[in-house]
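Peer 1: got a sequence here, can you model it:
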Amino acid sequence: MKKIVIRVLALLAVAAAVWGGYHFFQQFQQKQQPVPTATVRKGDVIIRSYTRGELRAVRSAMLVAPNLFGTVQITRLAPLGSFAREKDLIVEFDDSEVQSRLDEKQLELEQLDEQLRMSQANMDIRTNQDQVELLRARYAVRRAELEVKRNELLSAIDAKKNLLNLDEAQRRLKQLESDVKSRLESSLAELAVLREKKNKAILELSREKRRLSQVKLLAPMSGLVAIRQNRGNFMMRGMQLPDLREGDQVFPGLPVADVLDLSELEVAAKVGELDRANLHDGQDVTLRLDAIPDKIFHGQIKSLSGTATANIWSGDVAKKFDVTLSVDMQELLTGLGAKPDQIRKVLETAQRNRNRPQTGQMASMIPTDGAMDGPLGGMPGAAPGAGAGTGTMVRARTGGEGGEGGGRRARGAGQEGEGQGGGQGRMMRMGANLSSEDQAKLRQAMQKILNGRNPQDLSAEDRQKMFEQMRTLTQSMGGGAKPEAGARGASGQGGAVRAFGPSPGPGGPPGAALPPGFGMGSAPQFSAKDLENAQLPATPEEDNQLEVLLRPGLLADVEIVVEKIPNAIHIPVQAVFEKDGKPIVYVKNGSQFEERVIKPLKRSESTMVIAEGLKPGEVLALADPNAKKGGKKEDKAAGNKGPAMPAAGAGGGARQ
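Peer 2: Prediction:
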C-alpha cells in the first residue's frame, strides 16, 4: 500500500512538472512577441489625395472617312507623329470612281439640256402651227357667218346649207381650240418632266462635286497627327491591330486620323468616392510627369464628373469619378526648356484655337439638297436614317460639372451625365465657344433656374423650357448657333450622335435632337484653292518639331491638397479599435497596456484626428495586446468607423 501511494505521488509530481514547463514556455513565447506601437503626435495635418493621370490635348479634331458612295481607299496619308499646320493635307482618298460618276452626271446634264431645248423648240413650232390653224378656223367661221347673212336672198335649200356650214365651222373651231389647249398642256408637262430631271441631275452633280471635295481631309487647326488603327471587318480580343496605311480600304464614317492641339494640355484622372465629395473646381494640384521626374508643375481642377463609371476591362472594377485637371502651360513649357519666343508662339496658338467655334462637323450626312446619301453608303444592315459622316469632328473639353466636354456620355441609355452635373454638362456644351467668364455666368443662371432641383426629376416639358431659356441666354452671349435644317442621323463608328433633350430630330430616333452650337453642322469650309494647294506635312525627321515638346498619353502623378487641419492631435487609424460600440485605444503604461475611450474628430484611410482622450507623446498599440494567439479577438479594429475626413484617391491614399 505504501508503494502504491509513493508511485501515485511520483506520477503527480511528473505531471505537475510537465504542466509547469508548458505554462512557462507559453509565457516565454508571449513575452518574445513584441506589440507594434505608435506615438501620439500633435501638429498640422495636411490631407492630400493622390492619383494617376494621363496627359492629353484639350482640343482635338477627328478626321472621318467620307461617304463616297463607293470604294473608300486611302491614297495619301500624313506621316505618323508629324506636326500639321492649319490647312495641311492629312488624308486623301481615291477619287477615280467619284470622278467617273461626276463625268457621267455632267454628260447626263448636257443631254437633258439638249432634250429640254429640243422640246422647247418643238413646242414653239407646234404652237405656231396651232395658231395658224386657229386663225384659219376663225376665218372659216367668219366666212360662214357672212354667207348666212345672204340667206334672205337665197333659196331655202341654200340657206339651210349655209346654216349647216356655220355650225360645222363653229364646232371645228371649238374642237381645234380644245386640241390646241391639250397639246400645249402636254408640251408644258413634258417640259416640266425634263426640268425636274435636270434639277435631279443638278442635285446629283452637286452631290458628286461635294463628294469630290471630300476626298481630301485637311487639318482644321495646327496639331500633332495621330493615325488610327485599321480595325478592318472584324476584331478579336488580344489582336494587335496595325495603323492605317496608304492603300487600305476603310468604311464610311470610320475615324482615320486625329489632329491633336498641343498648345494646351490637360490631365485626365479618376478619383474615388470619398475624394469626389471633397474636391471642387479650381482646387490647386501638383503634377509630376513620369517623363520629367525631377520637376514639379502646378494646375487646377478643371471639371469633375457627376457620375461614377467603371471599366470592366481594367484590373480595377471599382467605380470612380472622372476629373479633368488644367496645366499651367507657361510653367510646363519653361520646365521643358522652351525659349520665350516659342512659349509666346504656343500660347498665341492656344488662344486662337480656343476662340475657334467648337462644333461637331459632319458634312456628307447632311446634303444641302436635303437628300441623304443612304445608310452608311449603301451598306446592308444599316439603321434607317443613319448616314455615314465625313469631314472633321472638333472635340473640346471645357470646364463645367458633368465630366469631359462639360457632360459625360452615359453608356447604353444615351443620357448625358446624372443629376445636376449632367444638366450643367449639357448647358456647357451649348456654350462651348464662350469665354470662361460667360461659362461661369451660364452655370450660375442654370442653378438659378433649377432652384435646387435635379434636372433628371423634371418633366419633359419643364426640361424643354429650361433648355429654351438657356439657349436664349447662350445666343445672347454670342455662344449659340442656329440649328441646322438637316441635323439628323448618326455618324458611323467613332462619331455617334449623343441623345440630347426630349424632342426627336427629323429622321432620327426620339431623343436625338441636338441643341444649338453642337452636333451636325457644316464641315469646315476650305476653298478649292486650299484643297488644290494642300500638301502633306513634313515627316518628324525633316521637321524641327519645336511645337511637339510633349506628346499626349504621358502618365503623371497628381497630388491634391484636400484639407489642412492646424495644431491637431492625430494617430494612425490602425491604433483605434471598437469595443462595446465605442472607439478605444490601448495606451502603454509601464510594461502593460490599458484601455482608453477616445472621441474622434475626423479621419481618413490612414490618419485619425482626436478631439479628446489622448495627449501628445503617449504610446499606443497598433495591435490588440490582449488577443491570444490563435484565439478570437474580443475587439475589432475601428478603422472604418468615426466621422469621415477627406480621404485619398485610389492612387496612393491620404498622407500628411
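Peer 1: for the chain, which helix is longest?
Peer 2: In the chain, taking DSSP state H as the definition, the longest helix is helix 156-213.
Peer 1: helices or strands up against that helix?
Peer 2: Applying 3 or more CB pairs under 8 Å, 6 or more residues apart in numbering; DSSP states H and E, one finds that helix 156-213 contacts helix 96-149. (C-beta placed from N, C-alpha, C; glycine too.)
Peer 1: now do the helix it packs on and helix 156-213, the angle between them.
Peer 2: For helix 96-149 against helix 156-213, the angle by axes from the mean of the first three to the mean of the last three CA atoms, to 10 degrees is 170 degrees.
Peer 1: what packs against helix 96-149?
Peer 2: helix 156-213.
Peer 1: run through who's touching whichever helix or strand comes after the helix it packs on.
Peer 2: Following helix 156-213 in sequence order, the next helix or strand is strand 216-218 (DSSP states H and E). Here strand 216-218 makes contact (CB atoms under 8 Å, 6 or more residues apart in numbering) with 63, 66, 87-93, 256-257, 391-392, 524, 526, 530-531, 534.
Peer 1: helices of this protein, start to end?
Peer 2: 2-32, 96-149, 156-213, 273-276, 329-335, 340-354, 419-430, 436-450, 460-476, 528-533.
Peer 1: between these, which one is nearest to residue 565?
Peer 2: Residue 565 lies closest, by CB to CB, to one member of these: helix 273-276, at 16.1 Å.
Peer 1: and the helices of the chain, which one averages the lowest pLDDT?
Peer 2: Lowest mean pLDDT within the helices of the chain: helix 419-430, a mean of 43.
Peer 1: hang on, the earlier thing: would CSV of the helices of the chain with distance to residue 285 and mean neighbour count be doable?
Peer 2: Formatted as CSV, the helices of the chain follow (distance: least, CB to CB, whole Å; neighbours: other CB atoms under 10 Å):
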stretch, distance to residue 285, mean neighbour count
helix 2-32, 48, 10
helix 96-149, 50, 14
helix 156-213, 45, 15
helix 273-276, 12, 20
helix 329-335, 13, 18
helix 340-354, 20, 15
helix 419-430, 20, 24
helix 436-450, 18, 15
helix 460-476, 30, 16
helix 528-533, 41, 12
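Peer 1: would you reformat these as a markdown table and include distance to residue 539?
Peer 2: A markdown table is the format used below for the helices of the chain (distance: least, CB to CB, whole Å):
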| stretch | distance to residue 539 |
| --- | --- |
| helix 2-32 | 70 |
| helix 96-149 | 27 |
| helix 156-213 | 27 |
| helix 273-276 | 43 |
| helix 329-335 | 24 |
| helix 340-354 | 21 |
| helix 419-430 | 37 |
| helix 436-450 | 37 |
| helix 460-476 | 43 |
| helix 528-533 | 20 |
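Peer 1: so for residue 554, which of those sits nearest?
Peer 2: Of all the helices of the chain, helix 329-335 comes closest under CB to CB, at 11.2 Å.
Peer 1: before we move on, the earlier item: of all the helices of the chain, which lies closest to residue 319?
Peer 2: Here helix 273-276 is closest among the helices of the chain (CB to CB), at 7.8 Å.
Peer 1: what's the closest one packed up against?
Peer 2: Using 3+ CB pairs under 8 Å, 6+ apart: helix 273-276 touches strand 297-309, strand 320-327.
Peer 1: could you list the buried residues of the longest one?
Peer 2: When burial is assessed from 16 or more other CB atoms under 10 Å, strand 297-309 yields the following buried residues: 297, 299, 301, 302, 303, 304, 305, 306, 307, 308.
Peer 1: pull the most distant pair out of those.
Peer 2: By the measure CB to CB, 297 and 307 form the most distant pair in those, at 28.9 Å.
Peer 1: now do the nearest residue to residue 287 once chain neighbours are set aside against residue 59, distance only.
Peer 2: Of all residues not flanking residue 287 in the chain, residue 297 sits nearest, at 4.5 Å (CB to CB, 6 or more residues apart in numbering). Distance, residue 297 to residue 59, using CB to CB, to the nearest Å: 20 Å.
Peer 1: mean confidence for stretch 604-620?
Peer 2: Across stretch 604-620, the average pLDDT comes to 86.
Peer 1: can you give me the end-to-end span of it?
Peer 2: 18 Å (CA to CA, to the nearest Å).
Peer 1: contacting residues for the residue nearest to residue 73 when sequence neighbours are not counted?
Peer 2: Using CB to CB, 6+ apart and skipping residues adjacent in sequence, the residue nearest residue 73 is residue 94, 4.3 Å away. Going by CB under 8 Å, 6+ apart, residue 94 touches 71, 72, 73, 74, 75, 215.
Peer 1: quick check: ChimeraX command selecting the buried ones in those.
Peer 2: Buried members of the contacts of residue 94, defined by 16+ other CB under 10 Å, are picked up in ChimeraX with:
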select :72,73,74,215
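Peer 1: what's the closest of the contacts of residue 94 to residue 116?
Peer 2: residue 215 (31.3 Å).
Peer 1: list the contacts for that closest one?
Peer 2: Contacts of residue 215 by CB under 8 Å, 6+ apart are 66, 68, 92, 93, 94, 95, 98.
Peer 1: now do residue 297
Peer 2: 286, 287, 288, 289, 327, 328, 331, 332, 335.
Peer 1: export the helices and strands packed on helix 273-276 to a markdown table and tack on mean pLDDT and distance to residue 222?
Peer 2: Formatted as a markdown table, these follow (pLDDT from 0 to 100; distance: least, CB to CB, whole Å):
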| stretch | mean pLDDT | distance to residue 222 |
| --- | --- | --- |
| strand 297-309 | 87 | 22 |
| strand 320-327 | 90 | 19 |
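Peer 1: residue 55: which of those is closest?
Peer 2: So among the helices and strands packed on helix 273-276, strand 320-327 is nearest, using CB to CB, at 7.9 Å.
Peer 1: packing partners for the closest one?
Peer 2: So strand 320-327, by 3+ CB pairs under 8 Å, 6+ apart, packs with strand 41-57, strand 265-271, helix 273-276, strand 284-289, strand 297-309.
Peer 1: one more time with 7 Å
Peer 2: Using 3 or more CB pairs under 7 Å, 6 or more residues apart in numbering; DSSP states H and E, the elements in contact with strand 320-327 are strand 265-271, strand 297-309.
Peer 1: could you check how far the spatially closest residue to residue 611 that is not a sequence neighbour is from residue 93?
Peer 2: Nearest residue to residue 611, sequence neighbours excluded (CB to CB, 6+ apart): residue 601, at 4.1 Å. Residue 601 is 66 Å from residue 93, where distance means CB to CB.
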